[in-house]
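**Student:** structure, please.
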Amino acid sequence: MAQPTPLRSQRIQVENDPFELMYTRGVTDGLPVVPPTEDRVKRMLAAVERDPQEVLGTVGPNYGRATVEKIAINAVMAGCHPSYFSTVIAAVEALSDEKFNAHAMNVTTQSATPFTIINGPIRQKIGVNCGHNALGHGFRANATIGRTLRLVILNIGGAKPQEISKATMGHPAQFTFCVGENEEESPWEPLHVEKGFRPKQSTVTLFGGHSPFQINDHASRTAEQLALSLGWTMASLWNHKNFPLFSDTVLIVCPEHAKTFAQDGWSKNDLRQFLFEKIRKPYRELKPGLNGGEGAGVSMLVKDEPAAPITDDTLFAKFPTLDSIMIIVAGGTAGRFSAAVASLARGAGGSQITTKVVRA
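**Tutor:** Sure thing, here's the model as predicted:
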């Protein structure tokens with residue numbers, strides 16, 4: 001019988017209050033953490049068949065080595081149940097993927113943080129909330145899986161606030177930001193199937209998101225009315241004059257809104273195409289100085305000498321490309337509140353949406 005791999009992390013003798021000690025050592029997110037005793041860490045590791053010393057990747061900005069053992073320690077500290085650990089592993093694999101760019105996310109004055117979206121059967125197996133209060137409190141899986149990523153960024157990635165991490169404002173979702181797609185109430189294929197995975201597979205998708213922007217619409221009863229209402233509200237993301245938006249966007253459609261789109265036969269792609277084509281403003285409304293000095297976006301395009309001459313009537317789209325709009329369904333079955341989340345800058349220098357499979 002193979003002997004278990006011994007753990008390598010430093011042992012600390014605690015003589016007084018372990019909660020105060022953890023805070024004093026600067027390894028918390030500001031809230032109390034569960035002391036990562038050897039027994040607790042071993043129970044977490046026993047939930048997956050992985051070598052504790054396996055390196056899943058490095059985590060920016062300091063590019064610390066994310067071993068399975070170190071991830072287990074942070075999962076214990078965050079309050080995870082061991083049954084969550086395979087999902088946490090997939091999330092850290094996404095976090096350490098270069099295209100997600102955790103480094104850029106944590107050394108900027110912006111406030112983006114990993115927004116974790118869970119798809120597939122694992123949601124129900126471990127109790128991920130997808131329904132009422134989907135982005136809120138009250139559910140251990142959502143709260144602690146998202147929190148583990150924050151602690152991994154802090155303790156492995158080295159992004160301590162007011163030191164390396166210099167977000168001007170920050171936001172509450174930086175503590176934890178995790179949701180399951182409400183596949184059961186969605187008229188559309190779920191996100192992971194849209195990305196080419198099988199329905200029975202479970203996945204974690206990370207999106208470098210700013211704070212969620214809730215959008216109320218209790219009156220629109222056609223797909224077109226509702227899409228215009230959501231789209232023109234989303235036109236204020238980043239700034240009402242940032243056309244085109246520098247980032248990707250997640251539109252979180254509540255089940256009642258999704259039902260309105262489905263009743264008119266709209267697919268996800270129909271909604272995406274409509275938003276891209278209809279949410280546009282003429283250049284005259286986007287110039288710096290009119291209704292605010294900000295004019296980033298179009299002004300940068302003008303500097304790049306576009307092929308066609310720009311006139312005051314030239315229309316610019318809010319959303320830079322069709323694939324810059326990601327759509328999921330989440331939330332409760334009563335109430336017509338959707339939400340939008342803009343990201344860190346997109347493209348090679350920004351953060352790209354990253355999906356990993358949860359291994360059983």
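
**Student:** residue boundaries of the helices in the stretch 151-300 of the chain?
**Tutor:** 191-194, 223-234, 255-263, 268-278, 298-303 (DSSP state H, counting those that start in this stretch).

**Student:** now the ones you listed as TSV including distance to Val14, mean neighbour count and mean pLDDT?
**Tutor:** (Glycine included, C-beta is placed from N, CA and C.) Output for the helices of the stretch 151-300 of the chain, formatted as TSV (distance: least, Cβ to Cβ, whole Å; neighbours: other Cβ atoms under 10 Å; pLDDT from 0 to 100):
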stretch	distance to Val14	mean neighbour count	mean pLDDT
helix 191-194	42	20	98
helix 223-234	49	19	98
helix 255-263	47	20	98
helix 268-278	51	18	98
helix 298-303	54	14	64
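
**Student:** now the ones you listed in CSV, with distance to Gly79?
**Tutor:** Supplementary listing: the helices of the stretch 151-300 of the chain in CSV, determined by distance: least, Cβ to Cβ, whole Å:
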stretch, distance to Gly79
helix 191-194, 26
helix 223-234, 34
helix 255-263, 29
helix 268-278, 34
helix 298-303, 43
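
**Student:** quick one, which of the ones you listed is nearest to Pro172?
**Tutor:** Evaluated over the helices of the stretch 151-300 of the chain, closeness to Pro172 peaks at helix 223-234, with 20.7 Å, by Cβ to Cβ.

**Student:** about what we covered before: and the helices of the stretch 151-300 of the chain: which comes nearest Ser338?
**Tutor:** Ser338 lies closest to helix 255-263 among the helices of the stretch 151-300 of the chain, at 5.1 Å (Cβ to Cβ).

**Student:** ok, residues contacting the closest one?
**Tutor:** For helix 255-263, the external contacting residues (Cβ atoms under 8 Å, 6 or more residues apart in numbering) are 182, 185-188, 217, 220-223, 226-227, 230, 253, 270-271, 329, 331-336, 338.

**Student:** quick one: closest of the helices of the stretch 151-300 of the chain to His137.
**Tutor:** Ranking those by proximity to His137 (Cβ to Cβ) places helix 255-263 first, at 20.0 Å.

**Student:** report the buried members of the contacts of helix 255-263.
**Tutor:** By neighbour count, with 16 or more other Cβ atoms under 10 Å, the contacts of helix 255-263 hold 182, 185-188, 217, 220, 223, 226-227, 230, 253, 271, 329, 331-332, 336, 338 as buried.

**Student:** what does stretch 85-96 rub up against?
**Tutor:** The contact list for stretch 85-96, computed with Cβ under 8 Å, 6+ apart, reads 44-45, 47-48, 50, 56-59, 66, 68, 71-72, 75, 80, 100, 102, 114, 116, 118, 122, 126, 141, 145, 148-149, 152-153, 202-206, 354-360.

**Student:** which of these are buried, as a PyMOL select command?
**Tutor:** To isolate the buried ones among the contacts of stretch 85-96 in PyMOL, judged by 16+ other Cβ under 10 Å, type:
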select buried, resi 44+45+47+48+50+56+57+58+59+66+68+71+72+75+80+100+102+114+116+118+122+126+141+145+148+149+152+153+202+203+204+205+206+354+355+356+358
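
**Student:** could I get the full set of strands for this structure?
**Tutor:** Counting by DSSP state E, one finds strands in the chain at the ranges 55-59, 64-67, 113-119, 178-180, 203-209, 213-216, 247-253, 280-282, 315-317, 325-329, 337-345, 354-357.

**Student:** sheet-wise, list the partners of the second one with their directions.
**Tutor:** What it means is strand 64-67. Strands that pair with strand 64-67, judged by DSSP bridges, come out as strand 55-59 (antiparallel).

**Student:** name the residues that touch the strand it pairs with?
**Tutor:** 64-68, 71, 89, 92-93, 95-97, 102, 152-153, 156-157.

**Student:** at 6 Å what do you get?
**Tutor:** With Cβ atoms under 6 Å, 6 or more residues apart in numbering as the test, strand 55-59 has contacts from 65-67, 92-93, 96, 102, 156-157.

**Student:** closest to Ala348 out of those?
**Tutor:** Ala102 (15.2 Å).

**Student:** does that closest one touch Asn62 like I think?
**Tutor:** No: between Ala102 and Asn62 there is no contact under Cβ atoms under 6 Å: 10.2 Å.

**Student:** which pair in the contacts of strand 55-59 spans the largest distance?
**Tutor:** The distance between the two most remote of these (Cβ to Cβ) is 16.4 Å, for Thr67 and Ala102.

**Student:** I'm done for today, thanks for sticking with me.
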